[in-house]
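>>> Pasting the sequence and the predicted coordinates here, then a few questions.
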There are 2 protein chains.
Amino acid sequence: MTYGTLHGPAERQHCHKEDPALTVLSDETTGQSAHYRSHEHLLHTGDEAAYSHLIEHGFAVRYHLTLDGSRQITAIYMCGDFIDLRLCAHNPSSDGLVAMGACSTTKFRNDTMSRAALKSAVLANSLCQLSERNGAIARAWIASLGRRNAEQHLAHIICELFLRAQAAGLTNGSQLRFPATQAHIADMIGLSVVHTNRTLQALRAAKLVRWDRQMLSIIDLDGLMDLAGFQENYLQHPGMAVPLPKMTHH
Amino acid sequence: MTYGTLHGPAERQHCHKEDPALTVLSDETTGQSAHYRSHEHLLHTGDEAAYSHLIEHGFAVRYHLTLDGSRQITAIYMCGDFIDLRLCAHNPSSDGLVAMGACSTTKFRNDTMSRAALKSAVLANSLCQLSERNGAIARAWIASLGRRNAEQHLAHIICELFLRAQAAGLTNGSQLRFPATQAHIADMIGLSVVHTNRTLQALRAAKLVRWDRQMLSIIDLDGLMDLAGFQENYLQHPGMAVPLPKMTHH
DNA sequence: CGGTCTATTGACTGGCGTCAAGCACCGTGG
DNA sequence: CCACGGTGCTTGACGCCAGTCAATAGACCG
């Protein structure tokens, strides 16, 4: 059992494009690397998705806009996460996808992705497992939104993000560079910015966490997990060797 | 574009085990039909899942328990939905899965499922698409929990459930038998039972919906969708011919 | 006919939203 | 060099949506 990503358990230290797990799968299916500046969109709300994305560096955020203009972040993607957008291929997407901080991805045309997945059961299986894992994370968010108060919820999402980042090799001891503003956090946990600020202060006062500028420091992970009622099994999944379509630069 | 399930667009009228979409995929991979009474568990919290389930009849509910004992429902499954539990196979599941009303499923051993999916890219792809669709539904729930008030949220989930049920052939005009108590609904939308009751009354007073006993009647679907800000594209996905492992009775 | 489950209603409380103001920081341009 | 606006963080005051605690009534059941 490992915390796995498309990059696999063996290569957790860092994420880059020469990652050996990015095995050639098919000669027709190639990915291109793409770079996004902070706040730049990978996919606009209402657009049809032409590409799926494997995050190589940085963070991307999936969000939904309600009619009154408020925003709810529905997923955070980081290095090694795969965003399978084939379902949006001929549909206007109801979500937007935007870089949080600078972000680079390898993107795969949806039609070629589909063709590759239909040729390789191993690839299709890996995509399925990744999708299930993303679903498990989404359900954990649902539980937090529905049944945890502000402090517990914030603690929970910090635990999740930190453990995922650790598995992806993004952490430095108990530190993580996480380029979120308090507005981002508010949109993740479904609160107002004001209350998010007060909740963050409570966690700081409890000496659980520090969050200066863009640097997240975990002071007391056990304390955070206790407060949140965090059960980490949902992040685990069987380690897998994932052959991904080969990738061409640019 | 159709509202699809594992049973496919052509066989929406009713769900039963002779469904032609349940094509033989592999001779080793067989499903068994299983029957559950109301409140009977398909999977207990903390157990390792041995089977994945295809819902044949009735409804099942996935839920998460927080430490203080409150419950959040994280998904509703109905006829044609597939619950892929292979990720819980060697893990204690953090969720429970329980029948809401009488429910019957075809269940597939996870190990044989995995073997079948590794043999058939078509099957693996279908599972992947179903998983992505479930993820899209989960993200819609996140948006509702985070950024809609009680009335909008309830309206939204009613729209979703009704449209899904309609696609699965479970509706009778604007009516749907839905065996949920108000406690179930409260646990879906993350509210208290008392407030759920008041919110239901508001929708009734607005002549949007009726919900007597276990019969849900949509009076004004457009009104519900307006109130909720419901965008139905997330429920759509490409129609697909899904070969599923063949099934043995009992 | 009591017991349990579910629906409903009222009174009160509290967590979180809203509005508003005040800082701090930063890059730009006069 | 300082004025200026923009963005993000922080704090206070006040109000409302939804939670909690009862209590009642109906439905179903043994």
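Looks like it arrived, so ask away. Residues are numbered from 1 along each chain as shown, chains lettered A, B, ... in the order given.

>>> For whichever residue of chain A sits closest to DNA strand D, report the pLDDT, please.
Using C-beta to the nearest atom of the strand, the single residue of chain A nearest to DNA strand D is residue A:182, 3.3 Å away. Every residue, glycine included, has its C-beta placed from N, CA and C. Residue A:182 is assigned a predicted lDDT (pLDDT) of 96.

>>> which residues sit in contact with it?
Residues in contact with residue A:182 (C-beta atoms under 8 Å, 6 or more residues apart in numbering or on different chains) are A:193, A:196-197, A:200.

>>> any idea which residue sits dead centre in chain A?
The residue lying closest to the centre of chain A (C-alpha atoms, centre = their mean) is residue A:77, at 1.7 Å.

>>> Was I right to think it contacts residue A:57?
No. Applying C-beta atoms under 8 Å as the test, residue A:77 and residue A:57 come out as separate, 11.5 Å apart.

>>> got the phi/psi numbers for the residue nearest to the centre of chain A?
phi -110, psi 140 (degrees, to the nearest 10).

>>> One more: residue A:70?
Torsion angles at residue A:70 (phi, psi; degrees, to the nearest 10) stand at phi -80, psi 160.

>>> for chain A, which helix is longest?
helix A:121-147 (DSSP state H).

>>> Quick one: list the elements packing against that helix.
Applying 3 or more C-beta pairs under 8 Å, 6 or more residues apart in numbering or on different chains; DSSP states H and E, one finds that helix A:121-147 contacts strand A:71-77, helix A:110-119, helix A:150-167, strand B:51-65, strand B:71-77, helix B:110-119, helix B:121-147.

>>> could I get those as a markdown table with mean pLDDT and distance to residue A:38?
A markdown table is the format used below for the helices and strands packed on helix A:121-147 (pLDDT from 0 to 100; distance: least, C-beta to C-beta, whole Å):
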| stretch | mean pLDDT | distance to residue A:38 |
| --- | --- | --- |
| strand A:71-77 | 98 | 15 |
| helix A:110-119 | 90 | 25 |
| helix A:150-167 | 97 | 18 |
| strand B:51-65 | 95 | 33 |
| strand B:71-77 | 97 | 32 |
| helix B:110-119 | 90 | 39 |
| helix B:121-147 | 95 | 22 |
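
>>> Could you dump these into a markdown table and include distance to residue A:177?
Putting these into a markdown table (distance: least, C-beta to C-beta, whole Å) gives the following:
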| stretch | distance to residue A:177 |
| --- | --- |
| strand A:71-77 | 14 |
| helix A:110-119 | 30 |
| helix A:150-167 | 9 |
| strand B:51-65 | 30 |
| strand B:71-77 | 31 |
| helix B:110-119 | 37 |
| helix B:121-147 | 25 |
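
>>> wait, which of those is closest to residue B:96?
Set against residue B:96 and scored by C-beta to C-beta, the helices and strands packed on helix A:121-147 come closest in strand B:51-65, at 5.3 Å.

>>> how about the CA coordinates for the closest one, as PDB?
Coordinates of each C-alpha in strand B:51-65 appear next as PDB, following Å, rounded to 0.1, in the frame of the first residue of the first chain:
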ATOM      1  CA  TYR B  51     -17.200  -7.300  -4.100                       C
ATOM      2  CA  SER B  52     -18.100  -4.500  -6.400                       C
ATOM      3  CA  HIS B  53     -21.800  -4.000  -7.100                       C
ATOM      4  CA  LEU B  54     -24.000  -3.200 -10.000                       C
ATOM      5  CA  ILE B  55     -27.300  -2.000  -8.700                       C
ATOM      6  CA  GLU B  56     -30.200  -3.900 -10.200                       C
ATOM      7  CA  HIS B  57     -33.100  -2.600  -8.300                       C
ATOM      8  CA  GLY B  58     -33.700  -0.100  -5.500                       C
ATOM      9  CA  PHE B  59     -31.200   2.300  -4.000                       C
ATOM     10  CA  ALA B  60     -28.000   2.100  -2.100                       C
ATOM     11  CA  VAL B  61     -26.300   4.900  -0.100                       C
ATOM     12  CA  ARG B  62     -22.700   5.500   0.600                       C
ATOM     13  CA  TYR B  63     -22.000   7.300   3.800                       C
ATOM     14  CA  HIS B  64     -19.200   8.500   6.100                       C
ATOM     15  CA  LEU B  65     -19.400   8.700   9.900                       C
END
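
>>> same for it, what does it pack against?
Using 3+ C-beta pairs under 8 Å, 6+ apart: strand B:51-65 touches helix A:121-147, strand B:30-36, strand B:71-77, strand B:82-83, strand B:96-109, helix B:110-119.

>>> follow-up on the earlier one: the residue nearest to the centre of chain A: what's it in contact with?
A:53, A:55, A:59-62, A:83.

>>> same check, this time on residue A:75
A:61-62, A:134, A:137-138, B:139.
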